[in-house]
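K.L.:
Sequence first, then the predicted structure, then my questions.
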Amino acid sequence: MAVFCEFISVIIRRDSIDKYFSGGWNRFVLELPNYSMLTDGEIVNVGFMNPSDTASYLDFLKGEGLQYRQSGSREINDIEDLDRFNGHLEKRSWLEFGDREFNGQEFFCCWKKDSSIDTLIFSSWSNPLPRHYEPEEFNKKFKFIRVENGLDIYSFTSYKEEREFSLPEGMSIEEHYVYYSDWRKEQENNRNKKAEELIKQQKDQELIEAEEKKDQESKQAQKKMVEDDLYIKIAKALNLKSVDRSDSMSIMEKLIEHAIKTNDEKAIDLIDEFWHDIGFGFLDFDAGDNFYASVDPHWAVASMKFDWEQYIGSEESERDEMSEEDLFNFFKERIEYEFEESGSLYVKKFGKYLLSAYISDPREGRFTGFSIHKNERKLNDQYKNSGDFYMSGSDQGNWNDQVLKEFYDEHFLKPHHLDNLLGALIRNEGVEAATVEFNKTIKVTIADDKKPMMYSISIDALIFDFEEILKEEGNQSFETFKELLKMDLGDFYDGYIALRHHNYVMTADWSLFSECSSFRLFYGDWDMKNDYRDLGQILLSLDKQYPPLNYTDKEMRELYDKCAKKLL
């Protein structure tokens, strides 16, 4: 007989398996790597699809006592291989092969030399019997039907459709059961280990859940304790025995009234704490809530004009090569981007009051800068008249494409006599040359305008002069105190000059004889005024003189009272 061959075939002499393979035919069958085995009783073919699997199986067979390509000391090899991918050029000592016709169809096959080839054997492709069956259960469920390819074939009677399983020919179910006893023990051990691991995982998970529950309960208890302390603090501030926790809107309104009445920063801090505890960060526009977002367009223009490389991250030459339309579109995109990134002022209505707070990122949920407002229209006008572009929840704001284009044409395209100086100060280069150039035009650009002119008096000097007057002349009024701040125009030989461009403030030391020097740059009047205040200087405008630019009338009166009480 002949055996059918396809792809790669490992051909083993059947008698060699009985003689040399450890465990003989039974173990050979039980250790097969796949279901392709077929045999005519003289040779056995085990088929493969790729060389790697073939090589592994050949190594296994050699390790079990069979000889391949003179791997042992015997004269005749027990194994040959046929590879239809690479052809069959070599002759074999005990094996012949080739294409043969069976029942009118041609097949590639092999056979033991000198054997008849009147019949062609194909694989049974039956499933090996599962390893777990005990003899008693096997005898109930399986029925012997035939011998084929050195296998006893059984049918499984419990399946609706017939399924075939196999044992090595002549092997009893008892022998099969004993053969796999170590495997079953190993499987049982693995199951026990998995069960133990599962139990351990369950216990670990229970411990984690218990810890999480304990932690959650602790956090809830801590939160309740904090809330209790907060409500006690609120009741104490409002001079109440207790407050109705179910009416947070009413509590906030009372806190606002308390803050207005006391004018105490601690009252605002209490509002801040209560806001975040309750979570007032939602807006109800139907109830009068609102929000505002604003962008300073001058900052975008100044950055494009004077700080392109830092602002954009590319060479100024690239900006100079852009068309006017592209530059405007870029300006428009920057304004839209700043609106997205600049944060918002939330305004929430509590009774007849408005409470505003700034939030930079709604995802963080943290509000700062709480302020109280009594007049919604005044707050709205504050944004409308600020000079910035703004939008709110109640209207579309004050900007559109046309407004953007008009602003761009006026402030970016149109040159200004302070462009050179501001650009030098922003870039911190060429300041000396820009100062010289500015001084050449100062008489034309400022002339006799007193508005940019400023002078300063140190607080220490003011207090010293006033104390000397008190010592010499006794009690003096606040008007006398104010007189010390005045400056006669005829005495104004040196001071400061303040120039404003694109919301920047440029200050310089000014002298009637040397004009401007030592320019300094601030972003906005608030920045400038606080800087001089930090230096202990009372800053005054030559034009209006009183009140000072960086102190309120109330603060000056408090300073007067402090001096008067000290000496009187």
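P.N.:
Perfect, I can see it now.

K.L.:
before we move on, which element is A433 in?
P.N.:
Using DSSP states H and E, A433 sits in helix 431-445.

K.L.:
how about that helix as CSV, C-alpha atoms only?
P.N.:
In CSV, the C-alpha atoms belonging to helix 431-445 read as follows (Å, rounded to 0.1, in the frame of the first residue of the first chain):
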residue,chain,number,x,y,z
VAL,A,431,16.6,101.2,24.2
GLU,A,432,19.4,103.8,24.3
ALA,A,433,19.1,104.6,20.6
ALA,A,434,15.3,104.7,20.9
THR,A,435,15.5,107.1,23.9
VAL,A,436,17.8,109.5,21.9
GLU,A,437,15.3,109.4,19.0
PHE,A,438,12.4,110.0,21.3
ASN,A,439,14.1,113.0,22.9
LYS,A,440,14.5,114.6,19.5
THR,A,441,10.7,114.6,19.1
ILE,A,442,9.6,115.2,22.7
LYS,A,443,8.8,118.9,22.3
VAL,A,444,6.7,118.1,19.3
THR,A,445,4.9,115.1,20.7
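
K.L.:
What helices and strands are in contact with it?
P.N.:
helix 419-427, strand 515-523 (3 or more CB pairs under 8 Å, 6 or more residues apart in numbering; DSSP states H and E). Placement of C-beta: from N, CA and C, glycine included.

K.L.:
for the last one, which positions count as buried?
P.N.:
Taking 16 or more other CB atoms under 10 Å as the neighbour-count basis, strand 515-523 is seen to contain the buried residues E515, C516, F519, L521, F522, Y523.

K.L.:
separation between the third one and D419?
P.N.:
In this view, F519 and D419 are 14 Å apart by CB to CB, to the nearest Å.

K.L.:
Before we move on, what's the pLDDT of T441?
P.N.:
Listed pLDDT for T441 reads 82.

K.L.:
I misspoke; the intended subject was I446.
P.N.:
The predicted local confidence for I446 is 65.

K.L.:
rewinding a little: how about the CA coordinates for the helix or strand sitting right after the helix holding A433 along the chain, as PDB?
P.N.:
Next helix or strand after helix 431-445 toward the C-terminus (DSSP H and E): strand 453-458. Once non-C-alpha atoms are left out, strand 453-458 reads as follows in PDB (Å, rounded to 0.1, in the frame of the first residue of the first chain):
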ATOM      1  CA  MET A 453       4.200 114.600  33.600                       C
ATOM      2  CA  MET A 454       4.400 113.100  37.100                       C
ATOM      3  CA  TYR A 455       6.400 113.700  40.300                       C
ATOM      4  CA  SER A 456       6.700 111.700  43.500                       C
ATOM      5  CA  ILE A 457       7.200 112.300  47.200                       C
ATOM      6  CA  SER A 458       8.400 109.600  49.500                       C
END
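
K.L.:
Can you spell out which helices and strands pack onto strand 453-458?
P.N.:
Counting by 3+ CB pairs under 8 Å, 6+ apart, strand 453-458 packs on strand 494-501, strand 537-541.

K.L.:
Partner strands of the next helix or strand after the longest one and their direction?
P.N.:
What that stands for is strand 494-501. Sequence-wise, the next helix or strand downstream of strand 494-501 (DSSP H and E) is strand 504-511. In the sheet, strand 504-511 lines up against strand 494-501 (antiparallel), strand 515-523 (antiparallel) (DSSP bridges).

K.L.:
Among the ones you listed, which comes closest to E211?
P.N.:
strand 515-523 (51.0 Å; CB to CB).

K.L.:
roughly how far apart are the residue nearest to Y68 when sequence neighbours are not counted and A498?
P.N.:
Excluding the flanking residues, the one nearest Y68 by CB to CB, 6 or more residues apart in numbering is I79, at 4.1 Å. Distance check for I79 against A498: by CB to CB, it reads 102 Å.

K.L.:
Could you do P51 as well?
P.N.:
Distance from P51 to A498, by CB to CB: 88 Å.

K.L.:
out of these two, which sits in the more crowded spot?
P.N.:
A498 (19 against 13; other CB atoms under 10 Å).

K.L.:
which stretches of the stretch 201-350 of the chain form helices?
P.N.:
Assignment of helices within the stretch 201-350 of the chain using DSSP state H, counting those that start in this stretch yields the ranges 248-262, 265-278, 297-306, 308-312, 316-321, 324-341.

K.L.:
Mind putting the ones you listed into a markdown table with mean pLDDT, distance to N290 and mean neighbour count?
P.N.:
Converted to a markdown table, the helices of the stretch 201-350 of the chain look like this (pLDDT from 0 to 100; distance: least, CB to CB, whole Å; neighbours: other CB atoms under 10 Å):
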| stretch | mean pLDDT | distance to N290 | mean neighbour count |
| --- | --- | --- | --- |
| helix 248-262 | 95 | 16 | 17 |
| helix 265-278 | 93 | 16 | 16 |
| helix 297-306 | 92 | 22 | 20 |
| helix 308-312 | 83 | 32 | 14 |
| helix 316-321 | 88 | 38 | 11 |
| helix 324-341 | 92 | 16 | 14 |
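
K.L.:
Nearest to N149, out of those helices?
P.N.:
Among those, helix 324-341 sits nearest to N149 (CB to CB), with 75.4 Å.

K.L.:
As a markdown table, the buried residues of strand 515-523 with distance to G365 and pLDDT would be great.
P.N.:
Compiled in a markdown table, the buried residues of strand 515-523 are given as follows (distance: CB to CB, whole Å; pLDDT from 0 to 100):
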| residue | distance to G365 | pLDDT |
| --- | --- | --- |
| E515 | 53 | 84 |
| C516 | 48 | 90 |
| F519 | 42 | 94 |
| L521 | 35 | 95 |
| F522 | 33 | 95 |
| Y523 | 28 | 91 |
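
K.L.:
quick one: which of the residues you listed is nearest to Q202?
P.N.:
Closest to Q202, out of all of the buried residues of strand 515-523 and judged by CB to CB, is Y523, at 61.9 Å.

K.L.:
The closest one bridge partners, please.
P.N.:
Y504.

K.L.:
That one and H501 touch, don't they?
P.N.:
No: using CB atoms under 8 Å as the test, Y523 is too far from H501 to be in contact (11.5 Å).

K.L.:
got any residues that touch both of those two?
P.N.:
Residues touching both Y523 and H501 (CB atoms under 8 Å, 6 or more residues apart in numbering): none.

K.L.:
Determine how far stretch 17-34 lies from the middle of the whole chain.
P.N.:
60 Å (CA atoms, centre = their mean, to the nearest Å).

K.L.:
sorry, back to before: which stretch among the helices and strands packed on helix 431-445 comes nearest S371?
P.N.:
Going by CB to CB, the one of these nearest S371 is strand 515-523, 21.5 Å.

K.L.:
ok, then the element right after the closest one?
P.N.:
Heading C-terminal from strand 515-523, the first helix or strand you meet, by DSSP H and E, is helix 525-534.

K.L.:
and the angle from that following helix to strand 494-501?
P.N.:
Computed by axes from the mean of the first three to the mean of the last three CA atoms, to 10 degrees, the angle separating helix 525-534 from strand 494-501 equals 160 degrees.

K.L.:
Go through helix 525-534 and flag the buried ones.
P.N.:
M528, K529, D531, Y532, R533.

K.L.:
can you list the residues you listed in TSV and add distance to A237?
P.N.:
Below are the buried residues of helix 525-534 laid out as TSV (distance: CB to CB, whole Å):
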residue	distance to A237
M528	37
K529	33
D531	36
Y532	36
R533	31
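
K.L.:
Name the residues that touch the helix holding A433?
P.N.:
H417, L418, N420, L421, G423, A424, L425, A508, E515, C516, S517, F519.

K.L.:
Kindly report the same for stretch 50-57.
P.N.:
Residues from elsewhere that reach stretch 50-57, judged by CB under 8 Å, 6+ apart: I8, V10, P33, V46, F48, D81, D83.
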